[in-house]
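> can you look at this prediction? I've put the sequence above it.
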Amino acid sequence: MTDTEDAELLAHYLERGHEAWNVSLEAAWLDYELRAFVASKLPQGRPIAVLNVGIGVGLFDDWLCHVVGTSAAASSVTSVDRDPTICRLFALRQRRERHPHPARILCCDVRDGALGAAKFDLITVVGSTLAEGGDRGETLRALQRHVAPGGELLVAEVGQGAHGDRVRTCGDVWLACSTRAVLPPST
Ligand SMILES: C[S@@+](CC[C@H](N)C(=O)[O-])C[C@H]1O[C@@H](n2cnc3c(N)ncnc32)[C@H](O)[C@@H]1O
């Protein structure tokens, strides 16, 4: 770890800590509701392979790594983001914080085919990722190809009027969660 990398991380922590939203009641509520929904959809069997699309500050990925990684050594979390700076900082931070189950980090746009033939038992797309990603249909269709038989694609979006299988509100904040089950091929 170089001094430059540590300085970058310090800047990252300071920026995160400075944002009023990050310590708000609404953000705490959202984190709880979102994580509770994802936890309820995690497959029971182990090992499992999970993919999270859109790292951002990476706190959701940290949580996912703990929940999946502590359950079974052979399980994995792959975190993907198309922004190289975000990927680099996230890798640095998990290394510096000595996360016991760090994510496999992939820097790519999930619509570009860089995931190859990889299949996952659960794919999560949460927060503003889908809205930021351009064509929603294209992103969801691309991800659907990477859901393992019996697996699920979980989408959780924030915003007034958001639709989903389960919609929760806290004042003006809406959270809409959905899963799209992919059935095993018929025999
Ligand atoms: C604002 S962050 C949200 C991160 C996290 N899901 C959360 O709610 O805290 C959205 C991230 O998704 C990434 N992203 C958006 N569309 C993407 C795509 N098609 N492929 C890979 N990354 C994408 C962006 O680069 C950005 O870092």
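The structure has been received and is ready for your questions.
> how much space between Lys41 and Val67?
11 Å (Cβ to Cβ, to the nearest Å). The C-beta positions use only the backbone N, C-alpha and C, and glycine is treated the same way.
> which of these two has more neighbours?
Val67 (17 against 12; other Cβ atoms under 10 Å).
> check contacts around the more buried one.
Residues in contact with Val67 (Cβ atoms under 8 Å, 6 or more residues apart in numbering) are 39, 42.
> just Thr124 next, same as before
38, 50-53, 60, 64, 154, 156.
> nearest to Leu9 among those?
The closest of the contacts of Thr124 to Leu9 turns out to be Phe60 (Cβ to Cβ; 18.5 Å).
> and the closest one, what does it touch?
31, 34-35, 52, 124, 126-127.
> in a helix, it, correct?
Yes. Secondary structure assignment places Phe60 in a helix (DSSP: H, G, I helix; E, B strand; the rest coil).
> residue in the chain nearest to the ligand?
Gly127 (2.1 Å; Cβ to the nearest ligand atom).
> skip the chain neighbours and tell me the closest residue to that residue.
Spatial nearest neighbour of Gly127, excluding adjacent residues (Cβ to Cβ, 6 or more residues apart in numbering): Val158 at 6.0 Å.
> neighbours of that neighbour, just the number please.
Residues near Val158, counting by other Cβ under 10 Å: 16.
> show me what it is bridged to.
For Val158, the beta-bridge partners under DSSP bridges are Leu175.
> isn't it up against Trp174?
Yes. If you go by Cβ atoms under 8 Å, Val158 and Trp174 touch, sitting 6.5 Å apart.
> the residue nearest the centre of the chain pairs with what?
Closest to where the C-alpha atoms of the chain average out (Cα atoms, centre = their mean) is Asn52, at 3.5 Å. Note on Asn52: beta-bridge partners by DSSP bridges are Ser79, Thr124.
> quick revisit: I'd like the contacts of Thr124 laid out as a markdown table, including pLDDT and distance to Ala131.
Output for the contacts of Thr124, formatted as a markdown table (pLDDT from 0 to 100; distance: Cβ to Cβ, whole Å):
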| residue | pLDDT | distance to Ala131 |
| --- | --- | --- |
| Val38 | 97 | 18 |
| Val50 | 97 | 22 |
| Leu51 | 98 | 19 |
| Asn52 | 98 | 16 |
| Val53 | 98 | 12 |
| Phe60 | 98 | 16 |
| Leu64 | 97 | 20 |
| Leu154 | 97 | 16 |
| Ala156 | 96 | 12 |
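> closest one to Ala7 out of those residues, please.
Closest to Ala7, out of all of the contacts of Thr124 and judged by Cβ to Cβ, is Phe60, at 25.1 Å.
> where does this protein have low pLDDT?
70-73, 181-187 (pLDDT under 70).
> can you report phi and psi for the residue of the chain closest to the ligand?
Backbone dihedrals for Gly127, given as degrees, to the nearest 10, come out at phi 70, psi -140.
> test my guess that it contacts Gly159.
No. Applying Cβ under 8 Å as the test, Gly127 and Gly159 come out as separate, 10.0 Å apart.
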